[in-house]
Structures are given as structure tokens and as C-alpha cells.
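Here is my input; please provide its structure:
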Amino acid sequence: MSIASLPLVSFPAETAAGTAADPTAAATASHVLAAPPPPASIGLVVIGVIITGLLAWIAFTLSRRKAVDTSAAEAQVEAATVAAHAKSAAELVRRQAEEEAAVLRVRAEAAEQRAEEIRRAAEDRASEVRREAEQRASDLRREAESEAQSIRDDLREQRLEMERREHRLTEREERLDEQHRAIEERQTELTAQLAELDRRKAEIRDLEDERRRILEGVANLTSEQAKAELVAAIEAEAKRHAHAIVRDIERQALDEGETKARKIITGAVQRLASEQTSESVVSVVHLPSDDMKGRIIGREGRNIRSFEQTTGVNLIIDDTPEAVLLSCFDPVRRETARLTLDSLVLDGRIHPSRIEEIYERSKGEVAELCERAAEDAMAEVGITDLHPELARTMGLLRYRTSYGQNVLKHLVESAHIAGMMAAELGLDPKLCKRGAFLHDIGKALTHESEGSHAIVGAELARKWGENDDVVHCIEAHHNEVEVRTVEAVLTQAADAVSGGRPGARRESLEAYVQRLERLEEIAMHHDGVEKVFAMQAGREIRVMVLPDAVDDIAAQVMARDIAKQVEEELTYPGQIRVTVVRESRATEVAK
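Modelled structure (predicted):
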């Protein structure tokens, strides 16, 4: 079949001319034709080759028709060029198809290998699971057989035990039957013996009645009268013997206890060094000159009136050179007034508004001084976990006094004494120190709350979470509540030692004389008292009694009654000893 006989396809002249005239377009077309087919089967590659050949034939035909007016040489060159391009494109497509086919074969082989590995792994896993299941089944079977054998052994042991128990029960029943028969025989014998005893008791009662009638006839007393006299005589003898034993025991306990207590208290006092009291109800403020007194008084006395109304303190201006006095029963207010007056004198501006301003500032300074004093006292005693409200209340005691003794210093001193005595007795020193340190905290609130300072202080300590033992030490240190713990007793002892040591407290002459007179009156009120002597500044009473009216036992009872009455009626620092002296004298004259 020749090329001339093939049907011709008509194309627009512009397309053919453009293809022949533009080599860039021809190259683009050849690249498009040479583009690799999509990855598919080998048949697609063959179709691509056929299509490429058809395109080449069409291009050749078009070139031949176009080159009618050109030379035969150009047509041949162009046809050869087109054929070369078509051949290269076909070769390129073939190579790409072969490469992709090789890649697909490699992937297929890898997939088959992976599938084979998965199959082998699955078979291995299945065989392992089967082996494990068989092993588990074998173990369970052995365990079941072992458990069944154990159950059979237990049943066999239980059966043997039951048989042994039945045998023992049979033997026990036989023994019980024998014992029952023996008890019945014994009961019969006892019944006969009881009848014989009843008969003999009746005989003895008859004999007793006969003897009692004979004795009553001889002594002219009934049995009840004789019994009453005998009981009275025995009771009197027993009472006297008991009093003698009690007196010996008390004397021995007092000697030993007093010796040991004296040793402990003496050691505590020796280890404690405290200053003597120097508190007063009057404060002295020194002035730079006497001219300042006029400025303090002010025009028509308005400054001094304003000062006294603002501070609540009496300002005494006398002939004392370069000094004025502040008098007030409340030491806190007196100290606040002293700081106020010092600041006014130092500032030089003294008028009512300035006095009020300085007074408010001085109140803050006093509050800070109280807090600092409480912190110093707590640090000295070794207490660090006190509630802030209790610490603030303790600071108010910095300016409180009791019989001239500073209360805060008294509490610190009592805490040290209680701690030392607790250490000697093997008790908890921290608990005893805490109870002694807080025992007079109620004195800071006695003007604000009703009740004694011991009860008020105990309620305050209980309110702010103190230990029950500490609260009991506070409320019982004046015996307003019955003492239940050793720590409370030590708190009382420490309070007495701190207040009773020489130089610790002082009182007015009038109160001292009244206390001595009342002590003598209390002692003279008892029967059998001949003389009373108040000795050692009222710390001891010696009562001389009549030996004919008071015996030794009554003397001890009298001493105890006098001490109890003194505790109930009088208020005094420290303690008072009551000594009752009974002396018998026998005098004869030799002629």
C-alpha cells in the first residue's frame, strides 16, 4: 500500500504551516508525544507506540503535501527529522514502560515475601498459643487432681477425727455417769450430816441461852447493854490507837516531805537571781528648768486641766526643783502620761490640741512597749507558740504590780522556779513553765471582766486554745478550784516562792498591822488558847494552849483549823505557818 493511495485528512492550513514553520512548536509536540504513559499494563505501551507512528505518518503526509512547491531535498530532510523524533520518543516511552514494569515486579515480589513472612509468623504464633494452651490445660488438670487429692485427704482426716471425738464423747459420758452416781451418794451422806449439824446447832443455841441467862443473873446486865459497853471500849481504844498511828505517819511524812521539798525549793531559789521590787504609784518627770512648770500649767491652768482630762492622771506640781509628779493607780495610764509629758517638754509646744495629739502617739508607743516586753518574757522563758491574743494580754502586765511586785517579772520568775522544780521531780518542765508563766494572766483583765483573776485567766486561756493542764494550773493556783494535777501544785509552789522571797513584795503599814491583828484574833477565838504570838513579820503564828484543856490530838486539829480559817479569811503574800505549843510542867518543893 503506497502513501499516495492513503486517504488524505484535511487540516487547516494555519496549523500545518505553523507546525512546519515553527520548530519550537514541533519540538513541544515531540516532547508531548514523548511523555511517558501512565503506569499501566504492557498493552498501553503498544497502543502508545502505534499512536506515535500514526502521528508521525500524519506529520510526514502533511509535510509532503506542503512541500509540493519546495524542493525534494527539504522534504526528505524534514521527513527524516520527524521520523527521528518519532523514533526517539517511541524508544523513550518503551524504556520508561520497561522500568515501571520492573518496579512493579519488584514490588509484587516484596509483597509476596511480606505475605509469606506474615503467614509464617502467624503459624508460629498459632503454634505457640496452642502449646501454651496445652501447657495451661495440663497445669490446670494437675492442679485439679492435686486439689481433689487434698480434699480427699482432708475428708479422710476429718472422718478419723470425728471417729476419735465420738470415742472420747462415749468415754466422757461413761465418766459423767460414774460421777453422777458418786455425787448422788455424796449428797445422801451430806443430807444426813446436815441433819446431824442442825441437831447440834439446836443444842448449842440452847446451851448459849442457858449461859446468857446465867451471866445476866451474875452481872445484872442485859446482853445488849454488855455489847454496847464492849463496843464503846473497843471503839475508844481503836480510835486512840488510830490517832497515834496517823500522827506517827504524818510526822514521818512531814519530816521526809519537808526535807525533800526544802531541798528542791532551796535549790530553785539559789539558782534564781531576781531583783527586789521598786514599783511605785508615782512617776517623776524631770524638767529642763522651773520655767517649764508655768508652760505646763498654761494660761489660767488650761494646759494642766487638758492634760489631766486627756490622760486621766493627776499632775502634781510642787516646790520640787525641776521635777513634777504623775499620780495614778493605773500604771499603764501613768506610763502613757509620762511619755506624753516627756514629748511635750522636749517639743516645747504645749497646748490642748498638741496634748491630745502627743497622747494618741504615746498610747501607740506604750502598746509597742507592752508587745516587746511580752516577746522578751516569752523568749526568756522559752515559749514560742503562744497565741497572739494571749501575748498581747501578757504585755499589759508590764505595768501591773501586786504588792509592789511587777506581775510580768513575777510570772517569768515563777516559770523558772516551776521548771527547775519539775526537772528535779522528773516532770515535764515545759508544761510546768507554761502553767506558771500564764497563771496570773487574768490580772490584766480584772478591771474588764467580773470574777477573780484565776477564773478570768483560765477562761481566757481556754478560749485561745491552751492545754487543759495549763488551764487547770491557772484556775487552781489560789485553790478556787480543787487541785487535780501535780503541775498545778508546782504552780502554787512557784507562785508562793516568787512572792514570798525576801524583798519580792511589800505592803502598806496599815494593811500589815491589820493582818497581824486578825491573825491573833483568829487564833485566840479557839478554846483552850492561852497566848498567841505573830512572828517573822506575820509569816508564822505560835499558839500556846493549856495542857489540861487541849491534848496532843486536839492540838493538831486546832493547828489545822486555824490554818484553814486563815486561808479563807485573809489575803497575804507567800504562806503562813501555824504552830500550836502544848507544854506540861510538874513542880514539887523538896523540904
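
Got the domain ranges for this protein?
Domain assignment for the chain, taken from automatic domain parsing, gives 1-188, 272-381, 397-506, 510-582.

most tightly surrounded among these?
For the domains of the chain, the largest average neighbour count (mean count of other Cβ atoms under 10 Å) is found in domain 397-506, namely a mean of 21. Heads up, the C-betas are built off the backbone N, CA and C, glycines and all.

and the domains of the chain as JSON lines, adding distance to Arg247 and mean pLDDT?
Output for the domains of the chain, formatted as JSON lines (distance: least, Cβ to Cβ, whole Å; pLDDT from 0 to 100):
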{"stretch": "domain 1-188", "distance to Arg247": "56", "mean pLDDT": "75"}
{"stretch": "domain 272-381", "distance to Arg247": "36", "mean pLDDT": "83"}
{"stretch": "domain 397-506", "distance to Arg247": "24", "mean pLDDT": "84"}
{"stretch": "domain 510-582", "distance to Arg247": "7", "mean pLDDT": "84"}
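
Could you pull up phi and psi at His477?
With angles defined as degrees, to the nearest 10, His477 sits at phi -80, psi -10.

residues in contact with it?
Neighbouring residues of His477 by Cβ atoms under 8 Å, 6 or more residues apart in numbering: His439, Ala454, Ala488, Thr491, Gln492, Asp495.

hmm, back to that, can you add distance to Glu210 and give the domains of the chain back as TSV?
Formatted as TSV, the domains of the chain follow (distance: least, Cβ to Cβ, whole Å):
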stretch	distance to Glu210
domain 1-188	34
domain 272-381	80
domain 397-506	59
domain 510-582	44
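
These: which one's closest to Gln252?
Distance to Gln252, taken as Cβ to Cβ, is lowest for domain 510-582 among these, at 14.3 Å.

next helix or strand past the host helix or strand of Leu516?
Element membership for Leu516 (DSSP states H and E) is helix 509-524. Moving toward the C-terminus from helix 509-524, the next helix or strand (DSSP H and E) is strand 529-535.

one step back: and the direction of the helix holding Leu516 versus that of strand 529-535, what angle?
Angle, helix 509-524 to strand 529-535, by axes from the mean of the first three to the mean of the last three Cα atoms, to 10 degrees: 150 degrees.

ok, back up a step: who wins for proximity to Leu194 among the domains of the chain?
Short answer: domain 1-188, nearest of those by Cβ to Cβ, at 10.2 Å.

show me where the protein has strands.
For the chain, the strands defined by DSSP state E cover 282-286, 314-316, 323-327, 401-402, 405-406, 529-535, 540-545, 577-582.

same for the helix holding Leu516, what does it pack against?
For helix 509-524, the packing partners by 3 or more Cβ pairs under 8 Å, 6 or more residues apart in numbering; DSSP states H and E come out as strand 529-535, strand 540-545, helix 552-569.

List the contacts of the last one.
Residues outside helix 552-569 that contact it (Cβ under 8 Å, 6+ apart): 243, 247, 250, 479, 518-519, 522-523, 526, 528-529, 541, 543, 545, 550, 576, 578-580, 582.

just to revisit the earlier point, so which of the domains of the chain is nearest Lys227?
Nearest of the domains of the chain (Cβ to Cβ): domain 510-582, 27.0 Å.

how distant is that closest one from the center of its chain?
49 Å (Cα atoms, centre = their mean, to the nearest Å).

can you tell me which residues contact Ala458?
Gly442, Val471, His472, Ile474, Glu475, Val481.

quick one: which two of those are the most distant?
Most distant of these, by Cβ to Cβ, are Gly442 and His472, 14.1 Å apart.

I'd like to know which of the contacts of His477 is nearest to Ser63.
His439 (132.2 Å).

was I right about that closest one contacting Ala488?
No - look at His439 against Ala488 with Cβ atoms under 8 Å: they stay out of range, at 9.1 Å.

any common contacting residues for the two?
Contacts common to His439 and Ala488, judged by Cβ under 8 Å, 6+ apart, are Cys473, His477.

quick one on the thing from earlier: mind putting the contacts of Ala458 in TSV, distance to Leu425 included?
Output for these, formatted as TSV (distance: Cβ to Cβ, whole Å):
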residue	distance to Leu425
Gly442	26
Val471	21
His472	18
Ile474	20
Glu475	22
Val481	22
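
if we can go back for a sec, can you tell me which of the strands of the chain is nearest to Gln96?
So among these, strand 405-406 is nearest, using Cβ to Cβ, at 114.1 Å.

Reformat the helices and strands packed on helix 509-524 as CSV; add distance to Thr587.
Below are the helices and strands packed on helix 509-524 laid out as CSV (distance: least, Cβ to Cβ, whole Å):
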stretch, distance to Thr587
strand 529-535, 17
strand 540-545, 18
helix 552-569, 21
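
so which of the ones you listed gets nearest Ala233?
Comparing the helices and strands packed on helix 509-524 against Ala233 with Cβ to Cβ, the closest turns out to be helix 552-569 (18.3 Å).

and the angle for the closest one with strand 540-545?
Using the same axes, to 10 degrees: helix 552-569 against strand 540-545 is 140 degrees.

Please report the distance of Lys239 from Val557.
13 Å (Cβ to Cβ, to the nearest Å).

got any residues that touch both of the two?
By Cβ under 8 Å, 6+ apart, no residue touches both Lys239 and Val557.

can I get the strands of the chain in CSV with distance to Lys363?
Shown next, in CSV, are these (distance: least, Cβ to Cβ, whole Å):
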stretch, distance to Lys363
strand 282-286, 16
strand 314-316, 17
strand 323-327, 15
strand 401-402, 20
strand 405-406, 21
strand 529-535, 45
strand 540-545, 46
strand 577-582, 46
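
I appreciate the help and will end here.
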